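>>> Structure for this input, please:
(4 chains)
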There are 2 protein chains.
Amino acid sequence: MNTTTETKRARTTPATAQVLGAALNLFTEQGYFNTSIPDIVKASSVSTGSIYHYFRDKEGIARSLYNSLVERMEQHFSEIESTHATAHDRCRAVIDLLFQLTEQEPAVMRFMLFSRHREFILDQKPVCSSRPFVQMREMVAVGMKQGEIREITPIVAASSVFGGSLRLIQLRLDGILDAPLPEYLDEIWQCSWRSVAL
Amino acid sequence: MNTTTETKRARTTPATAQVLGAALNLFTEQGYFNTSIPDIVKASSVSTGSIYHYFRDKEGIARSLYNSLVERMEQHFSEIESTHATAHDRCRAVIDLLFQLTEQEPAVMRFMLFSRHREFILDQKPVCSSRPFVQMREMVAVGMKQGEIREITPIVAASSVFGGSLRLIQLRLDGILDAPLPEYLDEIWQCSWRSVAL
DNA sequence: GTCTATATCCAGATAGAC
DNA sequence: GTCTATCTGGATATAGAC
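Predicted coordinates for the structure are as follows:
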């Protein structure tokens, strides 16, 4: 499938998948710059030559990783938009998803949300401008138009709805929170929604 | 002043101040790892030899910078605690301060809040565990004990009170917000407080 | 396509005169 | 204390056999 109009991203072979997996772990555990190609070679069991065959350079690995994760998040959010009708339900579902993802794949969340991509991926826009974040802000904006959410500056509303949860995710990833995030979902959501509801 | 019990931090000479200033700008503009010692030499007009004389190594520059900024923030917050009596007033004052600092010294905020210190300063605890962040959580905890804030999990309350504002700071630093942060203070504070008030 | 061996570069760090 | 000149390691990236 999808053999036509290949969008200049590397195909997925077993080897590339291994490299991307190893890179994700190393990048999030030690940071991009503390991870050398030899490190990735060891962790992925793929040789230097093959790595450079699939990815133009080290940055290419990070770029490929980032793009695939953003795309995956986009699809999740679109799914949420199509299965939930109100801003209330959509935003809650987003937070629920992010909390679950954080527990199941902490490295993914760490890389997506808390890496400084612009320091190692050239010409990269800040994460906040990426499609998934735009989708989150749109959910809030729609909710405001439809009278679910108070009339305030849209970006302030969005920050208020998602800010607390994103903060909890960071605390969890930094080891400050002992309990799994889903345990806090009801409480934080109640706070978040109160902050913008009529 | 403070000549006794010097706390193993480098004294402040004109040269060290220049190095720290240059490093702060370079680290926040390009990132720590994209900044070389020669870069700092050029930007600070202090020679390699002197830099290594004052700071053990490159990491030492970052460490010194980080410690001095954390200490400064601590003092700001203690000042706020002693001049404001309620959690409501204290938390609002903290956000007010952070918003102003972001406008006046964006590099300081960028370095404090959004650098991955643990990737380049060894044995560094996550920022969220640093004294200023603890102070912020304490303000909320006290407010809860005194009945200003609903009885919920303390860390959730703190995340809800400060999460939206921290999010706005990030958006502002990433160039997503055009207007200076203080213009949003009233709105975001209203949201934040509603989220936890009785 | 995959591998090993190797070239090249430039970073961090030091030596030692002044 | 400050400087310039220099060393050294290890990183990214390539060459070229298989």
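
>>> pLDDT on stretch A:24-42, on average?
For stretch A:24-42, mean pLDDT is 98.

>>> tell me which residues of it are tucked away?
A:24, A:25, A:26, A:27, A:28, A:31, A:32, A:33, A:35, A:40, A:41 (16 or more other Cβ atoms under 10 Å in any protein chain shown). Where you see a C-beta, it was placed from the backbone N, CA and C, and this is true even at glycine.

>>> repeat for stretch A:189-198
For stretch A:189-198, a neighbour-count test (16+ other Cβ under 10 Å) marks A:189, A:190, A:191, A:192, A:193, A:194, A:195, A:196 as buried.

>>> could you redo those as CSV and give each row secondary structure, distance to DNA strand D and pLDDT?
As requested, the buried residues of stretch A:189-198 are exported to CSV (DSSP: H, G, I helix; E, B strand; the rest coil; distance: Cβ to the nearest atom of the strand, whole Å; pLDDT from 0 to 100):
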residue, secondary structure, distance to DNA strand D, pLDDT
A:189, helix, 41, 98
A:190, helix, 46, 98
A:191, helix, 42, 98
A:192, helix, 40, 98
A:193, helix, 45, 98
A:194, helix, 47, 98
A:195, helix, 43, 98
A:196, helix, 44, 98
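
>>> among those, which are in reach of chain B?
Among the buried residues of stretch A:189-198, the ones lying near chain B by Cβ under 8 Å from any Cβ of the partner chain are A:191, A:192, A:194, A:195, A:196.

>>> would you list those residues in JSON lines and tack on distance to DNA strand C?
Output for these, formatted as JSON lines (distance: Cβ to the nearest atom of the strand, whole Å):
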{"residue": "A:191", "distance to DNA strand C": "43"}
{"residue": "A:192", "distance to DNA strand C": "42"}
{"residue": "A:194", "distance to DNA strand C": "48"}
{"residue": "A:195", "distance to DNA strand C": "43"}
{"residue": "A:196", "distance to DNA strand C": "45"}
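
>>> count of residues packed around the residue in chain A positioned nearest to DNA strand C?
Residue nearest to DNA strand C within chain A: residue A:49 (2.0 Å; Cβ to the nearest atom of the strand). As a burial measure, residue A:49 scores 8 neighbours (other Cβ atoms under 10 Å in any protein chain shown).

>>> what do you get for the one 3 residues further on?
Around residue A:52 sit 14 other residues, with neighbours defined as other Cβ under 10 Å.

>>> State the distance from it to DNA strand D.
4 Å (Cβ to the nearest atom of the strand, to the nearest Å).

>>> Confirm that residue sits in a helix?
Yes - assessed by DSSP: H, G, I helix; E, B strand; the rest coil, residue A:52 belongs to a helix.

>>> is any part of stretch A:36-45 close to chain B?
No - contact between stretch A:36-45 and chain B is absent, the nearest approach being 12.3 Å (criterion: Cβ under 8 Å from any Cβ).
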